[in-house]
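S.K.: From the sequence below, what's the structure:
(chains A, B, C and D, ligands or ions: 6)
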Amino acid sequence: MAALPDLSVDIGGLKLKNPVITASGTFGYGTELTPFFDPSLLGAIIVKGLSLRAMPGNPPPRIAETPCGLLNSIGFANIGIEAFIEEKMPLLAKIKAPIITNIYGHTIEEYGEMAKRIEKVEGIGAVEINISCPNVEEGGIAFGTDPDTAAAVTQHVVNNTTKPVIVKLTPNVTDISTIAKAVESAGAQAVSVTNTFLGMAVDIATRRPKLANMVGGLSGPAIKPIALYLVHKVVAAVRIPVIGLGGIMDYRDALEFLLVGARAIQVGTANFINPKTAIEIVHGLTDFCSREKVSNINQIIGGLKTM
Amino acid sequence: MAALPDLSVDIGGLKLKNPVITASGTFGYGTELTPFFDPSLLGAIIVKGLSLRAMPGNPPPRIAETPCGLLNSIGFANIGIEAFIEEKMPLLAKIKAPIITNIYGHTIEEYGEMAKRIEKVEGIGAVEINISCPNVEEGGIAFGTDPDTAAAVTQHVVNNTTKPVIVKLTPNVTDISTIAKAVESAGAQAVSVTNTFLGMAVDIATRRPKLANMVGGLSGPAIKPIALYLVHKVVAAVRIPVIGLGGIMDYRDALEFLLVGARAIQVGTANFINPKTAIEIVHGLTDFCSREKVSNINQIIGGLKTM
Amino acid sequence: MVEETVSLECNQQIGTNIWLMEFRSALLASHAKPGQFLMVHLGERTKDPLLRRPFSIHGIRDGDKVMILYNVVGAGTSLLSALKEHDTISSIGPLGNGFTLPRPSERAVLVGGGIGLAPLFFLAQALQKDHGHTVTVFLGFPTSQQVVRIQQLKDLGVNLSLTTEDGSLGIKGVVTDLLHQRLGNKGTTKPVIYACGPPPMLKEVAQKATAFNLRSYVSLEGYMACGLGICLGCAVKAAHGEGKPYYYVCHDGPVFPSGMIDWEVL
Amino acid sequence: MVEETVSLECNQQIGTNIWLMEFRSALLASHAKPGQFLMVHLGERTKDPLLRRPFSIHGIRDGDKVMILYNVVGAGTSLLSALKEHDTISSIGPLGNGFTLPRPSERAVLVGGGIGLAPLFFLAQALQKDHGHTVTVFLGFPTSQQVVRIQQLKDLGVNLSLTTEDGSLGIKGVVTDLLHQRLGNKGTTKPVIYACGPPPMLKEVAQKATAFNLRSYVSLEGYMACGLGICLGCAVKAAHGEGKPYYYVCHDGPVFPSGMIDWEVL
Ligand SMILES: Cc1cc2nc3c(=O)[nH]c(=O)nc-3n(C[C@H](O)[C@H](O)[C@H](O)COP(=O)(O)OP(=O)(O)OC[C@H]3O[C@@H](n4cnc5c(N)ncnc54)[C@H](O)[C@@H]3O)c2cc1C
Ligand SMILES: Cc1cc2nc3c(=O)[nH]c(=O)nc-3n(C[C@H](O)[C@H](O)[C@H](O)COP(=O)(O)OP(=O)(O)OC[C@H]3O[C@@H](n4cnc5c(N)ncnc54)[C@H](O)[C@@H]3O)c2cc1C
Ligand SMILES: Cc1cc2nc3c(=O)[nH]c(=O)nc-3n(C[C@H](O)[C@H](O)[C@H](O)COP(=O)(O)O)c2cc1C
Ligand SMILES: Cc1cc2nc3c(=O)[nH]c(=O)nc-3n(C[C@H](O)[C@H](O)[C@H](O)COP(=O)(O)O)c2cc1C
Ligand code: FES
Ligand code: FES
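M.R.: Numbering: from 1, shown residues only, chains lettered A, B, ... in the order given. Ligands and ions are numbered 1, 2, ... in the order given. Got it, this is the predicted structure:
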């Protein structure tokens, strides 16, 4: 029997046994889907976005379906970083895959504060900074649309942790390359591309927005072609690894992102529809590599033929 | 029998008998779909985008399907403004709905040149300026992402025509309001929101982009929630009428755009799937207004309830 | 909670826009509790509609046949209604908490509005068969064409009363009228109320329960992306003093003691 | 060209991934020409896949039954294959130009690769029934499981030869081998060639036609959004000297004299 293909990748010093990561806000606090598969088999797990203090989230309706897409305005409902460390980490620490915390601050200082608290926690492999959440009034997306602010947030987090720092970019900008370069210069070890697109939907029967918050973030297969283009663009702009996401539903979608140069991928909305998506992508990539005689996944990454 | 609801709207001085317009590049040169319905019944018809000289378009494949979406890189294949005026206008002039030409220039001067030629042509009700075509190397989208350039193009066209000038905006920007305000100040009588989103797709079997041009423009239902949000945003930013489009497939989708404040809507990709879409939307809006006892469509426009 | 691919034994229209689906699942039949629900996938061949759809378990038949009673209201349920015998679907369940059954001494009054009948049938099955309770069922429908599953309910041996809004069958009115009347009857013992239906109906039930100081359980709907507690989409506002701002229908419900919910904003 | 909603009379698997669909349309049966195609909608219940799918008219049966022969290759054809008898679909057609029939004195050689057989059957029907031509049909398939519709072709009275790449049926090899052999036969009169199949096969046919100075017509595929000439998606590069850079498969084709196409880039 031929040896299994090597799927391991390196994200800014963080070693993943495979390039499949669960996206923040779509995998709960990491252990909810264990009835379906063992999360230790994944490359990494990014938990629900955390803020310094617990946040209640937005009033319902918080979600609306659109063609091949999902609008959400969860509004960063979370238990807060302290409760997370105390209540959730003990269980998560048992998972044999790196845990990545996704953090969101109302101010630059809050980001730094959170990085500091996480710094001491064992089992947390990296920090993903969310400067692109469309669902909160202050901060969030505003930090992500301006290169200088994005760099400042990044720098502040980098100064407060020794863990690899991943910056999650917003797609709602004219030129994502500029933002990507700015956070690279500020010390980010990787970028995640992309967070959700601003969107809305209207219920014509009631003549009201379908989301109580009016505006939400669009995710799911609908956004895949745009996300893929943005990943392609950022890969060309920076040297740090790019983690691709947006509408990935199966290993074929994952391969599209890897081919354009994503070093790893995240599975978001798909977890809701098929909770086994992430593990099935791991298996699908393994089978694909075996079939195509690819011994190492790095031979696929960036392997798009363009001539 | 109750009187039929009044669906007529006014777009910067151009009177439309109803708010349903066919989008540029998706309705040919205006007469191809007459086997399916009489185009005179529509609010207006926007013809295939025209350039000063004929353009061959991009090599195939030019289209690729994505989840609920269509990527195209037609590359502005068109017969050129002169051939259009000579060969197509005589037939088009018989249609009892305003014809709107969609023009695209490689330089600011070319836009002005085209506006001049159109100025004298009877039957052309307005000019839509495309500063947002993602499928050509020069000009196109570059004009649409910078407020000053967008304003300069607009001004130049306005100076060269007495017909209403509609500027078609690109969604690929951080803040579409700024661009909308800039073209409003430069004299645009209306804006169309939105053109396609930059996107790509990869064929994992060949490891090549699915489009020969690599990057294309995404249209169809997938983009509807984003387009709707952008329309909402632009409506809040400018006083001139906003024409909404992006993924409209039926009268319900059209109503969503009207409710957020679009004065009229355009039907694009849907024409390919159901060539009768535009006329069915006219009928659907008529029935809706009758059912809901709305005597004038202007009572619907901007009627979103938000409290 | 498991994901199963099941093959349809039957999928039939039984009323105006109302369908009954049946498939075999030994696991659900033996483990599911009344009030629990399933997340049903709409088929592998399309990504639109994208999300699974939540449906209550309507009942168990012939040992291992699971029933879903559903209203065709949009694209998802329309796709479901097009499925034929032997077509397969993926279902995740059983999910949620289910109804808290009454104590042996207590009487149960089940109040259903329209498709709200769905989980109540299963509850009636459990109460009659396994526990021998005296069960009263009040059902309300807009019109007689939507009145379904009545004979099957009667066969369970429950006391059944019906309303239709247009008076085309049963008593003319809404189902809460029946509840009001029943609670007005001085003589009878205090029942536990179990309700499922549109929010305004549930709100009225909740108010009645408070007014008469009764225990009452309501089964709520909510927009769900996952049904698994991971998206935080299905929030409902908790009543003041509950110590948390929101409950999550899929995880904390779908059945709630009516006092837990803030009815002002529902 | 009309849009019709038709009800399926039959939709059956007849080979590995190959299905035959049949519906009644008096209009298509009386107006369609061999080589023309239809744009088939995949159903009102979903928007994914989004676009209609182009299919050649495979033939006409029993007066007014229209046949489509199709390969299940992706999401769209998979959805089609799930349709059952009496399900309805919307079809737009007939579209495109169709094959130019040979003059009465001419012999026709039809060359089909795999599912390229689809339009050739209709052509053979027309040539045999309406015109009494001598028709030779060469078909090539990867393997015997994909060889379909052979008896029906034979029943038309054509001269039929088969290849399979693995030699599991007919002659081992590819279909252009048969053409090569036939053209090598000095004695016979020059035929007109009609071909449909994968691009490399068509390219070889085109080269043979040039080499032997024969008229040849190829039916091309292309990615189509509309099939109606309005999207300009289905471009194929025109041969040098054609006076235009691109032809459009739906509007100028799908059948082209092979000399019109730039085979270098196909
Ligand atoms: C726990 C739970 C159990 C349920 N059990 C049943 C059942 O047994 N039988 C049954 O027929 N239905 C049940 N429902 C409702 C059912 O899930 C929806 O009717 C269905 O998802 C609609 O899908 P659709 O695509 O056909 O409609 P859509 O096109 O999604 O929507 C059509 C209309 O229904 C409304 N709607 C859709 N989903 C919901 C929702 N989750 N909550 C409130 N309004 C909604 C929409 O706003 C819209 O007006 C249940 C819902 C929940 C949350
Ligand atoms: C004029 C014309 C006539 C046709 N007649 C027939 C016919 O009679 N029988 C038949 O089986 N097929 C025919 N086809 C091809 C058929 O349209 C495609 O196979 C079908 O659209 C695939 O849809 P899908 O969603 O299943 O596959 P997709 O998921 O869309 O694609 C699956 C694979 O097929 C390729 N593909 C899809 N569409 C095309 C296309 N238009 N051209 C080239 N490659 C494509 C894709 O690149 C992909 O590799 C015809 C095409 C044209 C243009
Ligand atoms: C319900 C929901 C909640 C989300 N919460 C977060 C979050 O807390 N932090 C974050 O960075 N991204 C969040 N996201 C964005 C996802 O992580 C991801 O970037 C996005 O959904 C695109 O990927 P997808 O199309 O695969 O879902 C959320 C997305 C959804 C749908
Ligand atoms: C095949 C195709 C060709 C197009 N050509 C043009 C064009 O020439 N000029 C233009 O301004 N927009 C063009 N567009 C964009 C559409 O007019 C429209 O803005 C876009 O498709 C979004 O609307 P939709 O989702 O309804 O299609 C084209 C779109 C498609 C799909
Ligand atoms: S539906 Fe996702 S948390 Fe309840
Ligand atoms: S498919 Fe649209 S022009 Fe040919």
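S.K.: So the closest residue to ligand 6 within chain A versus ligand 5, what's the distance?
M.R.: Relative to ligand 6, the nearest point of chain A is residue A:225 (19.3 Å; CB to the nearest ligand atom). Every C-beta, even on glycine, is put in place using the N, C-alpha and C of the backbone. Going from residue A:225 to ligand 5 by CB to the nearest ligand atom, to the nearest Å gives 26 Å.
S.K.: Repeat that for residue C:70.
M.R.: The spacing between residue C:70 and ligand 5, counted by CB to the nearest ligand atom, is 18 Å.
S.K.: The helix or strand containing that residue vs ligand 1: in contact?
M.R.: In the assignment (DSSP states H and E), residue C:70 maps to strand C:65-71. Yes - counting by CB under 6 Å from any ligand atom, ligand 1 has neighbours in strand C:65-71: C:69, C:70, C:71.
S.K.: Using CSV, list the CA coordinates for that strand.
M.R.: Written as CSV, here are the backbone C-alpha positions of strand C:65-71 (Å, rounded to 0.1, in the frame of the first residue of the first chain):
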residue,chain,number,x,y,z
LYS,C,65,-42.1,4.4,11.4
VAL,C,66,-41.4,8.1,12.1
MET,C,67,-44.0,10.7,10.9
ILE,C,68,-43.5,14.3,10.0
LEU,C,69,-46.6,16.5,9.4
TYR,C,70,-45.7,19.6,7.4
ASN,C,71,-47.1,22.7,5.8
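S.K.: So what are the sheet partners of it and their directions?
M.R.: strand C:18-24 (antiparallel), strand C:59-61 (antiparallel) (DSSP bridges).
S.K.: Give me the distance between the closest residue to ligand 4 within the stretch 201-307 of chain A and residue A:40.
M.R.: For the stretch 201-307 of chain A and ligand 4, the shortest gap (CB to the nearest ligand atom) falls at residue A:222, measuring 11.7 Å. Residue A:222 sits 32 Å away from residue A:40, going by CB to CB, to the nearest Å.
S.K.: Show me where the chain has its helices.
M.R.: The chain I'm using is chain A. Shown for chain A, the helices assigned by DSSP state H span residues A:81-83, A:89-92, A:108-119, A:141-145, A:147-159, A:176-185, A:224-237, A:251-260, A:270-273, A:277-291.
S.K.: Switch to chain C, please.
M.R.: Under DSSP H, chain C gives helices at C:26-31, C:75-81, C:117-125, C:150-155, C:175-184, C:199-212, C:249-252.
S.K.: Mean pLDDT lowest where, among those helices?
M.R.: Per-stretch mean pLDDT for the helices of chain C is lowest at helix C:175-184 (a mean of 90).
S.K.: where's the residue of the stretch 151-300 of chain A found nearest ligand 2 relative to residue B:202, distance?
M.R.: For the stretch 151-300 of chain A and ligand 2, the shortest gap (CB to the nearest ligand atom) falls at residue A:252, measuring 10.8 Å. For residue A:252, the distance to residue B:202 equals 9 Å [CB to CB].
S.K.: who has more neighbours, these two?
M.R.: More neighbours surround residue B:202 than the other of residue A:252 and residue B:202, with 26 against 16 (other CB atoms under 10 Å in any protein chain shown).
S.K.: That one: what's it in contact with?
M.R.: Residues in contact with residue B:202, defined by CB atoms under 8 Å, 6 or more residues apart in numbering or on different chains, are A:228, A:255, A:256, A:259, A:260, A:304, B:208, B:209, B:210.
S.K.: out of everything not next to it in sequence, what's closest to the second one?
M.R.: Just to be clear, that refers to residue A:255. In space, and not counting its chain neighbours, residue A:255 is closest to residue B:204: 4.6 Å by CB to CB, 6 or more residues apart in numbering or on different chains.
S.K.: Kindly report the residues of chain C close to chain D.
M.R.: Residues of chain C lying close to chain D by CB under 8 Å from any CB of the partner chain are C:45, C:46, C:47, C:48, C:49, C:75, C:78, C:79, C:82, C:84.
S.K.: try 6 Å
M.R.: C:45, C:46, C:47, C:48, C:78, C:79 (CB under 6 Å from any CB of the partner chain).
S.K.: from those residues, which two are the most distant?
M.R.: Taking CB to CB, the two most distant members of these are C:47 and C:78; they sit 15.8 Å apart.
S.K.: Same drill for these two, tell me which one is more crowded.
M.R.: Legend: neighbour count by other CB under 10 Å for residue C:47 and residue C:78, higher for residue C:47 (25 against 16).
S.K.: For the residue of the stretch 51-200 of chain C at minimum distance from ligand 3, what are phi and psi?
M.R.: Distances between the stretch 51-200 of chain C and ligand 3 by CB to the nearest ligand atom are smallest at residue C:51, namely 10.6 Å. The phi/psi pair for residue C:51 (degrees, to the nearest 10) reads phi -90, psi 160.
S.K.: pLDDT at it, what is it?
M.R.: Reported pLDDT for residue C:51: 97.
S.K.: next one: residue C:103
M.R.: pLDDT for residue C:103: 88.
S.K.: quick one: it from chain D, how far?
M.R.: Counting by CB to the nearest CB, to the nearest Å, the separation of residue C:103 from chain D is 47 Å.
S.K.: Likewise for residue A:265?
M.R.: 21 Å.
S.K.: Identify the residues contacting that residue.
M.R.: By CB atoms under 6 Å, 6 or more residues apart in numbering or on different chains, the contact list for residue A:265 reads A:19, A:244, A:245, A:248, A:254, A:257.
S.K.: what number of residues lie near the closest residue to the last one other than its chain neighbours?
M.R.: Leaving out its chain neighbours, the residue that sits closest to residue A:257 by CB to CB, 6+ apart is residue A:244, at 3.4 Å. Other residues near residue A:244 come to 30 when the count uses other CB under 10 Å.
S.K.: ok, now residue A:236?
M.R.: Neighbours around residue A:236, by other CB under 10 Å: 12.
S.K.: Just the pLDDT at the residue nearest to it when sequence neighbours are not counted, thanks.
M.R.: With sequence-adjacent residues excluded and distances taken as CB to CB, 6+ apart, residue A:236 is closest to residue A:177, at 7.4 Å. Looking at residue A:177, its pLDDT is 96.
S.K.: Count the residues that sit near residue A:177.
M.R.: Using other CB under 10 Å, residue A:177 has 17 other residues around it.
S.K.: Residue numbers of chain C in contact with chain B?
M.R.: Contacts of chain C with chain B, taken as CB under 6 Å from any CB, map to C:47, C:48.
S.K.: Nearest residue to the middle of chain C?
M.R.: In chain C, the centroid-proximal residue (CA atoms, centre = their mean) is residue C:119; its distance is 2.9 Å.
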